[in-house]
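Asker: Structure of the sequence below:
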Amino acid sequence: MKQAFPRGHTRCVPFVVAVLTGGALLAGCHAALVNWSDRDVAQLIRQRQQSNLGAICDADLGEAGRARPDPSASAYQHDPGPLLPPPSAAFTTPAESQPGGDTTGENAGSRQSSGVAGPAPASQPRRYRDEVLTLTRALAYADEHRRQLQTAKEDLYLAALRLTLERHLWTPQFAAELRTIYGNFGEERGFDQAMRYVADLNVAQRLPYGGRFTAGVISTLARDIGRGITTSEGGEAVLGVDIPLLRGAGHVAREDLIQLNRALTYAVRDYEVFRREQLVRVAQQYFDLLRSKQDVLDAASSVESAEADYERARAMEGADEATILDTGRAVQRLLSESNRMATLQESFRFSTDQFKLLIGMPVDEPLGIDDVEDIGAIERMIELGEYPLLQTPVAADDEQLALETAVRQRLELLNLRDQVEDAKRGVIVAGNNVLPDLNWNTRLTFDTDPNHYRITNYEFDRANWRSEMVLAMNDRFAERNQYRAALIDVRRSQRSLTDLTERVRVDVRRAVNQMRLQERVLQIQLQNLQTAELRSEYARIQFEEGFIENRDVIEAQNDLVAAQSALSAAKTARWSAVLEFRLATGTLRVDENGRQYDADGP
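Answerer: Numbers count the residues shown, from 1 in each chain. Sure thing, here's the model as predicted:
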C-alpha cells in the first residue's frame, strides 16, 4: 500500500517554493551582484589612490552591461578538441614560377612609391583615419584598450575585493537556519509520523583584540502528524564570549585585516607603476614609428633624386658627355634606393602592427603613414608646451637632486620600505603563536519552560551561566621554526630594500648620463646633417660643371640619407631618454586620458 503524503508536510510547501524561487532569482541577478561588488571596490580604490598618489585614475573593469559568460556545450565535453582538417591545397601545391622581370633602368625608373605601409604600398592610401593618432591619443587609447593594462586593473580589483571580504568579517555576522525533520516509525499496527521544525538564528562579532561575542536563539516545534497535535515546543537563547588571553590576543587578532589593507596600498602603487612604465613603452614605440615614417619619407625623396640622376646620366651618355659606367652607376643607385624604399615601407607596416598589438588596437584596423604625427609635429608641440614630459627638466643637470628625488618618490621603494615593516610585524605575530593557549570562555543561557508551550517566553529564573578558563600547552615546534623563519624574512626584506635602492640609484645615474649623451649626439647629428647637405649640394654642382664623376655625387647623396636617418634617430632617442629619466626618478605623470602633466598636478 502506497503511503499517503503526510498532512503536516503540506505546510512546508510554501517554504520550499520560496527557497527554490529565491535560488532562481539569485542565479539570474548577475548584474546586481557585479554592481554591488564594483561599488564597494571602486570606493576603496579611489580612497587609496587619493591618499597615496594624490590623484585618481580609472580602474573600472568595464563589466557593467556585460552578460554573464555562460559556457558553451563543449565546456562539458571530456574531449573538447575536434580533429583538425588538413591544410588546403593552397598550402600544399607549389606556386607557378614567375618569369624574371625586366631589370633595366627604364623599368626600374618607372616604379613609383606611394609611401604607404601595407602589403601593396603603391595602391594603398596614405591616410585612413579622420583624426591623426597623436601621441596623446595613442596613450589614451592604450590606457583604455591595452589588454595587459586590463590584467593590471584586475589585479588591483582583486586586492580590493579581498579587503572587502575581510572588512565584512569584522562586522556582525548573521546566520539563520530552518530545518524540517520528518520521522516515520513503523509498528505492527501502523505508522507513527512526526515532524520537527527547528529555527536557529545567531549573530557573531569579532572583538578588536581577539575573541568573539556570540548571541543565538534556537526554537523547536514538534508535531504528531497522526494525531495532529503539538507534542513539544521550546526555545533557548544563548549569549557567549570567547577571549584569548595569550595566543591570539592583541594586535595579532587583526593581522589579516592589517595586511590586506596594506596590500591594497601596494596594489595601488603597483598599478600606477605599471601605467607609468606603459607610458614610456608606448611613447618609445610611437617614436620608433615616427622614425620609421621619416625614413620612408626620406627614402621617397632619395628615389626621386635617383630617378633624376638616372635621367641626367642617360642624357649625358647620349650626348657623349658621360660613359656607360656613369649610367650604370645611376641605374644601380636607383635600383638600390627603390629596394631600400620597399624595405622601409614593409618595416613601417610591420611597426604599425607591433604598435597596434602594444596599445590593444585590432591589427586589421588600417594605419597609414599620414595617420601618425611626424617628428617635426612633435617638436612643435613640445615648444607649445603640449608635451611637458618631453622637455628636459632642470634636475637633469643636478644628479644629486635626481638621486634624492628617486629614493623618495619611487613607488617600488615605498612598497619595499613598508614591506620591511610587514616582516617585522610578522615576527611579532610568529612570537605570539609560540605562546600557550589561554582562553576565557563564558556562556549565559536562557530557555523556556518545557511544561508550557511558549516558544519565546524565556524564563530568566532558569538562566544558566557557565565560565571556564582553558590552558592548553601543545607542542610548538612548528611555531618555533616559523618564528625563526620570520626573523629571516626581516633580514631578506631589508637586503631587498637595500638592493633595490642601489638599483634605483644606478637607474638614475644611467638616465642622467643617457640624457647628456643623447643631447650631445643630437648636436653632433645636426652638424653632421649640415655637413652632408653642403657636401651633397657642392658635389652636384661639381658634377654638373664636369669636374667630378657621378660616383662622388652618389656617395655624397648616400651620406646625406644616412645623416637624415641618424638625426631622426637622435631626436627620438633624446625624447626616450627624457621619459626614462622621469620614470627612473618617479616624476612621470599621466592622467587617465593620456594627458601628460608635471608632478604638481594635471
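Asker: burial measure for the closest residue to residue 127 other than its chain neighbours, as a count.
Answerer: In this structure, residue 127 finds its nearest non-sequential neighbour in residue 370, 4.3 Å apart by C-beta to C-beta, 6 or more residues apart in numbering. C-beta: built from backbone N, CA, C; applies to glycine. Neighbours of residue 370 under the rule other C-beta atoms under 10 Å: 16.
Asker: can you confirm residue 370 is in a helix?
Answerer: No: using DSSP: H, G, I helix; E, B strand; the rest coil, the secondary structure at residue 370 is coil, not a helix.
Asker: I figured it hits residue 130, correct?
Answerer: No: Residue 370 is beyond contact range of residue 130, at 12.0 Å (criterion: C-beta atoms under 8 Å).
Asker: circling back to that earlier point, what sits against the residue nearest to residue 127?
Answerer: When contacts are counted by C-beta atoms under 8 Å, 6 or more residues apart in numbering, residue 370 touches 126, 127, 132.
Asker: Which ones among these lie within strands?
Answerer: The members of those all map outside strands under DSSP state E.
Asker: how far away is residue 396 from residue 576?
Answerer: Residue 396 sits 14 Å away from residue 576, going by C-beta to C-beta, to the nearest Å.
Asker: How about residue 370?
Answerer: As judged by C-beta to C-beta, residue 370 and residue 576 stand 23 Å apart.
Asker: Also residue 135?
Answerer: Residue 135 sits 12 Å away from residue 576, going by C-beta to C-beta.
Asker: Looking at these two, which is more packed in?
Answerer: A count of neighbours by other C-beta under 10 Å puts residue 135 above the other of residue 135 and residue 576, at 24 against 20.
Asker: pLDDT score assigned to that one?
Answerer: Residue 135 carries a pLDDT value of 91.
Asker: My guess is it contacts residue 373. True?
Answerer: Yes: if you go by C-beta under 8 Å, residue 135 and residue 373 touch, sitting 6.6 Å apart.
Asker: Find residues that contact each of the two.
Answerer: residue 381.
Asker: my guess is residue 468 is in a strand, correct?
Answerer: Yes: secondary structure of residue 468 (three-state DSSP): part of a strand.
Asker: What pLDDT is listed against it?
Answerer: 95.
Asker: who's in contact with it?
Answerer: 440, 441, 442.
Asker: Just checking, which helix or strand succeeds the helix or strand hosting residue 512 along the chain?
Answerer: Per DSSP states H and E: residue 512 is located in helix 477-544. Beyond helix 477-544 in the direction of the C-terminus, DSSP H and E gives the next helix or strand as helix 550-585.
Asker: Nearest residue to the residue nearest the centre of the chain in space, please, no chain neighbours.
Answerer: Compute the mean C-alpha point of the chain, and by C-alpha atoms, centre = their mean the closest residue is residue 152, 2.0 Å away. Spatial nearest neighbour of residue 152, chain neighbours left out: residue 274 (4.5 Å); criterion: C-beta to C-beta, 6+ apart.
Asker: Sticking with the residue nearest to the centre of the chain, tell me its helix or strand.
Answerer: Taking DSSP H and E as the criterion, residue 152 maps to helix 147-169.
Asker: what's the next secondary structure element after that helix?
Answerer: Reading on from helix 147-169 to the C-terminus, the next helix or strand found by DSSP H and E is strand 173-186.
Asker: for the stretch 201-350 of the chain, what are the low-confidence residue spans?
Answerer: Within the stretch 201-350 of the chain, the stretches with pLDDT under 70 are 226, 228-231.
Asker: so after the helix-or-strand element of the chain with minimal mean pLDDT, what's the next helix or strand?
Answerer: Lowest by mean pLDDT, DSSP states H and E among the helices and strands of the chain is helix 105-109, with a mean of 43. Beyond helix 105-109 in the direction of the C-terminus, DSSP H and E gives the next helix or strand as helix 135-145.
Asker: which other helices and strands contact that following helix?
Answerer: Applying 3 or more C-beta pairs under 8 Å, 6 or more residues apart in numbering; DSSP states H and E, we find helix 135-145 packed against helix 255-318, helix 324-359.
Asker: Nearest to residue 391, out of the ones you listed?
Answerer: Residue 391 lies closest to helix 255-318 among the helices and strands packed on helix 135-145, at 13.6 Å (C-beta to C-beta).
Asker: so what are the domain limits for this protein?
Answerer: Under the assignment automatic domain parsing, the domains of the chain span 132-159+257-425+482-585, 172-206+211-247+437-473.
Asker: Out of these, which is closest to residue 39?
Answerer: In terms of C-beta to C-beta, the element of those nearest to residue 39 is domain 132-159+257-425+482-585, at 12.4 Å.
Asker: That closest one: how far from the chain's middle?
Answerer: In terms of C-alpha atoms, centre = their mean, to the nearest Å, the centre of domain 132-159+257-425+482-585 is set 23 Å apart from its chain centre.
Asker: Next, the buried residues of stretch 129-146.
Answerer: Applying a neighbour-count criterion of 16 or more other C-beta atoms under 10 Å, one finds 133-144, 146 buried in stretch 129-146.
Asker: just to revisit the earlier point, nearest to residue 537, out of the contacts of residue 370: which one, please.
Answerer: residue 126 (28.8 Å).
Asker: How about that closest one, nearest residue that isn't a chain neighbour?
Answerer: Using C-beta to C-beta, 6+ apart and skipping the chain neighbours, the partner closest in space to residue 126 is residue 370 (4.4 Å).
Asker: Which residue ranges of the stretch 351-500 of the chain form helices?
Answerer: For the stretch 351-500 of the chain, helices defined by DSSP state H, counting those that start in this stretch occupy the ranges 375-383, 399-409, 411-434, 477-544.
Asker: contact partners of the third one?
Answerer: Counting by C-beta under 8 Å, 6+ apart, helix 411-434 makes contact with 247-252, 255, 258-259, 262, 265-266, 269-270, 272-273, 407, 476, 479-480, 482-483, 485-487, 489-490, 492-494, 496-497, 500-501, 504, 586, all of which sit outside it.
Asker: Please repeat the previous calculation with a cut-off of 6 Å.
Answerer: Here helix 411-434 makes contact (C-beta atoms under 6 Å, 6 or more residues apart in numbering) with 252, 255, 266, 269, 272-273, 476, 479, 482-483, 486-487, 489-490, 493-494, 496-497, 500.
Asker: what about burial for those residues, which qualify?
Answerer: 252, 255, 266, 269, 272-273, 479, 482-483, 486, 489-490, 493, 497, 500.
Asker: Show me which residues of stretch 288-308 are buried.
Answerer: Buried residues in stretch 288-308, counted by 16+ other C-beta under 10 Å: 288-300, 302-303, 305-307.
Asker: Please save the CA atoms from it in CSV.
Answerer: Below are the C-alpha coordinates for stretch 288-308, written out as CSV (Å, rounded to 0.1, in the frame of the first residue of the first chain):
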residue,chain,number,x,y,z
ASP,A,288,60.1,54.4,-33.4
LEU,A,289,57.1,54.5,-35.6
LEU,A,290,57.8,58.2,-36.3
ARG,A,291,61.4,57.4,-37.1
SER,A,292,60.3,54.7,-39.5
LYS,A,293,57.9,57.1,-41.1
GLN,A,294,60.6,59.7,-41.5
ASP,A,295,62.9,57.0,-43.1
VAL,A,296,60.1,56.2,-45.6
LEU,A,297,59.7,59.9,-46.5
ASP,A,298,63.5,60.4,-46.8
ALA,A,299,63.7,57.2,-48.9
ALA,A,300,60.9,58.6,-51.2
SER,A,301,63.0,61.7,-51.7
SER,A,302,66.1,59.6,-52.4
VAL,A,303,64.2,57.6,-55.1
GLU,A,304,63.1,60.8,-56.8
SER,A,305,66.6,62.1,-56.7
ALA,A,306,68.0,58.8,-58.0
GLU,A,307,65.4,58.9,-60.9
ALA,A,308,66.5,62.4,-61.8
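Asker: from now on call the first residue 57
Answerer: In the new count, where the first residue is 57, that last one comes out as stretch 344-364.
Asker: Could you report the distance from the nearest residue to residue 620 once chain neighbours are set aside to residue 266?
Answerer: Distances taken as C-beta to C-beta, 6+ apart put residue 354 closest to residue 620, at 4.8 Å, once the chain neighbours are dropped. Going from residue 354 to residue 266 by C-beta to C-beta gives 73 Å.
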